[in-house]
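*Asks:* no sequence on this one, just coordinates:
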């Protein structure tokens, strides 16, 4: 007799998501893995999100809370979840066929695997698409990312073992950004991980999304906080590579400033990155930062379409 699969809990934080929440839920219901439960945490919506979600009935469970941000909503979902495996899906994104099953399989095969991640397709409002992580891989050739595979960038592509979350904690609600980066780091410090090279999530990029509204300075501040905590928490992992890590952090901040049109701030970050770890690949974005802002925007548009 075949052993039944463990329950998988799919957590969807939602805030004023009436225009796309049904698409997200339908993509989860269409998965070929069972049993599943879908937990929608309504983070203070004032539109018709609640009405749309409640039409689905079981196995969708609905919870409402006062607006507290996506980290608090995901943590509420983890608290309410009953599954052995925890998966995440943003309300404006969608799972592709096989996402749940393929995300869980490595953890079923190996009890030491506490987290997995798949690739994603980035869907832009103008109809263009790209495979998530490709540009990041090209950019990061000069320095290894901070002990994180670049394809970890998509939270809907991540699946976690419940016991892994219980061992390291949940999302840090004090962080205004990069809270997912922080959590994945903490899990990977204690558990093995598996990468599924197939794109199994479609991430819709919207200008008004929460992540797009975050200031570059806030991302920079939160990333610095995460780095400091990581080095203090696990010096055995990070201390020996601290200069490399600091260089990567400054370079990443410089790229974010450059893409936001903050050319002088970008140059200062690239200089700091070079001081931590001299490398010729840091020089090309430094040179680009002297170009007119309209020219940089044109390069960015062409690069996205390439």
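*Replies:* Yes, it's here. Just so it is clear, the structure is predicted and the values come from calculations on it, not from any experiment.

*Asks:* which residues in the stretch 1-150 of the chain form strands?
*Replies:* According to DSSP state E, counting those that start in this stretch, the stretch 1-150 of the chain carries its strands in the segments 8-14, 36-43, 60-65, 85-88, 94-95, 113-124, 129-131.

*Asks:* make CSV out of these and add mean pLDDT and mean neighbour count.
*Replies:* Bear in mind the C-beta positions are built from the backbone N, C-alpha and C, glycine included. Shown next, in CSV, are those (pLDDT from 0 to 100; neighbours: other Cβ atoms under 10 Å):
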stretch, mean pLDDT, mean neighbour count
strand 8-14, 98, 27
strand 36-43, 98, 24
strand 60-65, 97, 16
strand 85-88, 98, 25
strand 94-95, 98, 24
strand 113-124, 92, 21
strand 129-131, 80, 15
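
*Asks:* got a markdown table for these, with distance to residue 280 too?
*Replies:* Putting these into a markdown table (distance: least, Cβ to Cβ, whole Å) gives the following:
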| stretch | distance to residue 280 |
| --- | --- |
| strand 8-14 | 42 |
| strand 36-43 | 45 |
| strand 60-65 | 50 |
| strand 85-88 | 38 |
| strand 94-95 | 41 |
| strand 113-124 | 29 |
| strand 129-131 | 26 |
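
*Asks:* and residue 247, which of those is closest to it?
*Replies:* Among the strands of the stretch 1-150 of the chain, strand 113-124 comes nearest to residue 247, with 24.5 Å by Cβ to Cβ.

*Asks:* which other helices and strands does that closest one contact?
*Replies:* helix 99-109, strand 129-131, strand 158-161, helix 162-168, helix 179-190, strand 192-205 (3 or more Cβ pairs under 8 Å, 6 or more residues apart in numbering; DSSP states H and E).

*Asks:* mind listing the strands it pairs with, and their directions?
*Replies:* Applying DSSP bridges, strand 113-124 is found paired with strand 129-131 (antiparallel), strand 158-161 (antiparallel), strand 192-205 (parallel).

*Asks:* winner for burial among those?
*Replies:* strand 158-161 (a mean of 25; mean count of other Cβ atoms under 10 Å).

*Asks:* ok, back up a step: which one of the helices and strands packed on strand 113-124 has the lowest average pLDDT?
*Replies:* Considering those one by one, the lowest average pLDDT is found for strand 129-131, at a mean of 80.

*Asks:* domain ranges for this protein?
*Replies:* Using automatic domain parsing, the domain ranges for the chain come out as 8-213, 216-305.

*Asks:* compute the number of surrounding residues for the nearest residue to residue 186 once chain neighbours are set aside.
*Replies:* The spatial neighbour of residue 186 that comes closest, neighbours along the chain excluded (Cβ to Cβ, 6 or more residues apart in numbering), is residue 168 at 4.2 Å. Around residue 168 sit 20 other residues, with neighbours defined as other Cβ atoms under 10 Å.

*Asks:* over to residue 260?
*Replies:* For residue 260, the tally of surrounding residues (other Cβ under 10 Å) stands at 15.

*Asks:* any idea how far it is from residue 216?
*Replies:* With the distance defined as Cβ to Cβ, to the nearest Å, residue 260 ends up 5 Å from residue 216.

*Asks:* what sits up against stretch 73-81?
*Replies:* Contact with stretch 73-81 is made by 9, 11-15, 37, 39, 41, 43, 61, 63, 65, 86, 88, 162, 165, 170-171, 173, as judged by Cβ atoms under 8 Å, 6 or more residues apart in numbering.

*Asks:* got a list of what the residue nearest to residue 191 when sequence neighbours are not counted touches?
*Replies:* The spatial neighbour of residue 191 that comes closest, neighbours along the chain excluded (Cβ to Cβ, 6+ apart), is residue 114 at 2.8 Å. Contact partners of residue 114, counting by Cβ under 8 Å, 6+ apart, are 107, 160-161, 163-164, 167, 187, 190-193.
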